[in-house]
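Visitor: Build me a model from this:
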Amino acid sequence: MPEENSLQPKEDNIKTELEPPGKAVLVEDIKSPVPPELILESPTLKELNKDGIIVKVDSDLETCREIFEKYSPQNNLFDTWGFRYAFFIGYKNLPIFITFEKQNEVIGVLPLWFEAEKKEIRWFGSWWQEGNTFWFKDLKYLKLLLGKFNYKVLLNALQVDSKVAKICNLEKDDPKYQLNLEKYPTQEDFLQRFTAKKRYNLKRDAKIILSKNPKTIYNRFEDIEKMFDLSIKRFKDRDGSPFEKEARKGTFREILKQAGEYDVRMLSTEIDNETVGVDLVAIHKDTCYALQGAYDLEKHPGLGNYSNLLIMEDARALGAKVIDFLEVSYDWKESWFDPINLYQYKQGPNGREFE
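Guide: Below is the predicted model:
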């Protein structure tokens with residue numbers, strides 16, 4: 001544990017430009033724990049104090065790790081410290097962990113961080129984190145906070161039931177997509193989801209790729225660099241690849257290094273001694289997460305469909321029960337997988353409308 005009043009973590013280039021509306025704060029004055037009034041409106045803090053609730057805000061990384069590992073439900077990949085820490089290594093945003101205590105008992109935790117460029121509070125680990133939940137024993141205390149932050153707040157990809165969404169006034173977010181492998185124990189079972197024409201097209205794509213005698217290499221993790229290159233090449237004439245940014249590259253390299261609470265697996269496809277496709281998946285409990293894939297579709301049309309089917313076969317062989325293909329359809333996932341409803345909480349500075 002850090003010494004009292006110690007400076008926040010001495011990580012290189014950590015972004016700490018906290019300047020709430022109407023309050024100028026020098027970066028060097030930001031310490032851990034952070035004064036709660038820097039994050040939450042003072043009237044809200046007073047209301048909580050009247051109810052015997054103490055609010056603490058920590059930004060010391062080791063303290064945040066201890067809080068996270070103690071109170072995370074550990075239900076999915078995104079509930080693991082290692083996976084989220086990989087994003088901290090990539091982006092170096094300031095942790096903002098808000099803890100609520102009553103009678104020396106922790107009754108709620110919000111694991112967040114501050115994105116200085118946007119002056120915005122998000123989940124610790126960025127918008128990439130999915131299947132989020134509120135770590136509160138009683139939602140009435142959470143409700144006191146909503147709309148009372150000094151900053152813009154976006155807490156996305158909340159996987160909660162509709163009752164909680166209504167209580168917390170959450171908005172619909174893009175769904176995530178999963179495949180229940182117990183429902184589709186074989187590839188042929190899965191293909192029956194599609195129309196006869198679509199099944200024909202998928203089998204045709206696979207046949208074309210197989211005619212090129214592809215070779216699958218498992219866990220050649222240095223191919224992550226090839227995955228970056230393939231992604232950048234594919235999207236250079238569109239909106240660009242996220243891997244054009246070093247922060248995203250560093251994050252995904254760190255995802256490999258942080259494996260432990262979860263396993264990582266890489267599937268590389270070679271054709272004519274050239275690596276033309278790379279998929280990165282993570283495995284946590286009985287779920288396989290398709291994190292990222294990149295392919296040379298210009299030379300090998302249909303390779304994406306072939307690779308998705310390859311991921312499914314590999315997941316079955318590993319004994320996975322579910323494959324999680326993550327949030328946002330990108331105009332294809334909805335025809336392949338089952339949607340899982342997600343919600344989001346949005347707030348502008350000081351409770352104003354989010355813009």
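Visitor: which residue is nearest the centroid of the protein?
Guide: Computing the C-alpha centroid of the chain and ranking residues by Cα atoms, centre = their mean puts residue 129 first, at 1.9 Å.
Visitor: Name all residues that make contact with it.
Guide: By Cβ atoms under 8 Å, 6 or more residues apart in numbering, the contact set of residue 129 is 78, 84, 87, 123, 157. C-beta coordinates here come from the backbone N, C-alpha and C atoms, glycine included.
Visitor: ok, now residue 189?
Guide: Neighbouring residues of residue 189 by Cβ under 8 Å, 6+ apart: residue 183.
Visitor: name the element it belongs to?
Guide: helix 187-191 (DSSP states H and E).
Visitor: Show me how far the helix or strand just after that helix is from its chain's centre.
Guide: Beyond helix 187-191 on the C-terminal side, the first helix or strand identified by DSSP H and E is helix 196-210. Computed by Cα atoms, centre = their mean, to the nearest Å, the chain-centroid distance of helix 196-210 equals 32 Å.
Visitor: Need the residues that contact the helix or strand that comes right after helix 196-210.
Guide: Downstream of helix 196-210, the first helix or strand assigned by DSSP H and E is strand 215-218. Contacts with strand 215-218, where a contact means Cβ under 8 Å, 6+ apart, come from 223, 265, 266, 267, 268, 269, 270, 271, 310, 314.
Visitor: Just confirm the fifth one contacts residue 278, I think it does.
Guide: Yes. When contacts are counted by Cβ atoms under 8 Å, residue 268 is listed as touching residue 278 (5.1 Å).
Visitor: intersection of neighbour lists for those two?
Guide: 223, 226.
Visitor: These two: who's more crowded?
Guide: residue 278 (25 against 22; other Cβ atoms under 10 Å).
Visitor: and the gap between the more buried one and residue 237?
Guide: According to Cβ to Cβ, to the nearest Å, residue 278 and residue 237 sit 20 Å apart.
Visitor: quick one on the thing from earlier: in CSV, please show the C-alpha coordinates belonging to the helix holding residue 189.
Guide: Only the C-alpha atoms of helix 187-191 are listed here, as CSV (Å, rounded to 0.1, in the frame of the first residue of the first chain):
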residue,chain,number,x,y,z
GLN,A,187,-20.0,-27.1,-37.6
GLU,A,188,-22.9,-28.5,-39.6
ASP,A,189,-25.2,-27.8,-36.7
PHE,A,190,-24.1,-24.2,-36.8
LEU,A,191,-24.5,-23.8,-40.6
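Visitor: Would you mind checking the average pLDDT for that helix?
Guide: Taken as a whole, helix 187-191 carries a mean pLDDT of 96.
Visitor: same thing with stretch 40-51?
Guide: Here the average pLDDT along stretch 40-51 is 86.
Visitor: contact partners of that stretch?
Guide: 36-37, 55, 98, 100, 102, 141, 144-145, 148-150, 350-351.
Visitor: 7 Å instead, please
Guide: If you take Cβ atoms under 7 Å, 6 or more residues apart in numbering as the criterion, stretch 40-51 is touched by 36, 37, 55, 144, 145, 148, 149, 150, 350.
Visitor: Equivalent analysis for stretch 243-255, please.
Guide: For stretch 243-255, the surrounding residues in contact (Cβ under 7 Å, 6+ apart) are 83, 86-87, 89-91, 224, 228, 231-232, 242, 264, 292.
Visitor: Just the buried residues of it, please?
Guide: Of the residues in stretch 243-255, those buried under the neighbour-count criterion (16 or more other Cβ atoms under 10 Å) are 243, 248, 249, 250, 251, 252, 253, 254, 255.
Visitor: Same question for stretch 37-53.
Guide: 37, 38, 39, 40, 41, 44, 45, 48, 53.
Visitor: quick revisit: and of the buried residues of stretch 243-255, the nearest to residue 303?
Guide: residue 243 (18.2 Å; Cβ to Cβ).
Visitor: Helix, strand, or coil at the closest one?
Guide: Classification of residue 243 by DSSP: H, G, I helix; E, B strand; the rest coil places it in helix.
Visitor: Find me the pLDDT at it, would you?
Guide: On the pLDDT scale, residue 243 gets 97.
Visitor: Which strand or helix spans residue 283?
Guide: strand 274-284.
Visitor: Which residues does that strand contact?
Guide: 76-77, 80, 223-224, 226-227, 230, 262-270, 288-296, 299-300, 303, 307, 311, 318, 320.
Visitor: Helix, strand, or coil at the residue nearest to the centre of the chain?
Guide: Classification of residue 129 by three-state DSSP places it in coil.
Visitor: Need the per-residue pLDDT for it.
Guide: 98.
Visitor: State the phi and psi torsions of it.
Guide: phi -80, psi 130 (degrees, to the nearest 10).
Visitor: Take the contacts of stretch 40-51 and keep only those in helices.
Guide: If you go by DSSP state H, the contacts of stretch 40-51 have 144, 145 in helices.
Visitor: Of the contacts of stretch 40-51, which one scores lowest on pLDDT?
Guide: Ranked by pLDDT, the contacts of stretch 40-51 bottom out at residue 350, which scores 77.
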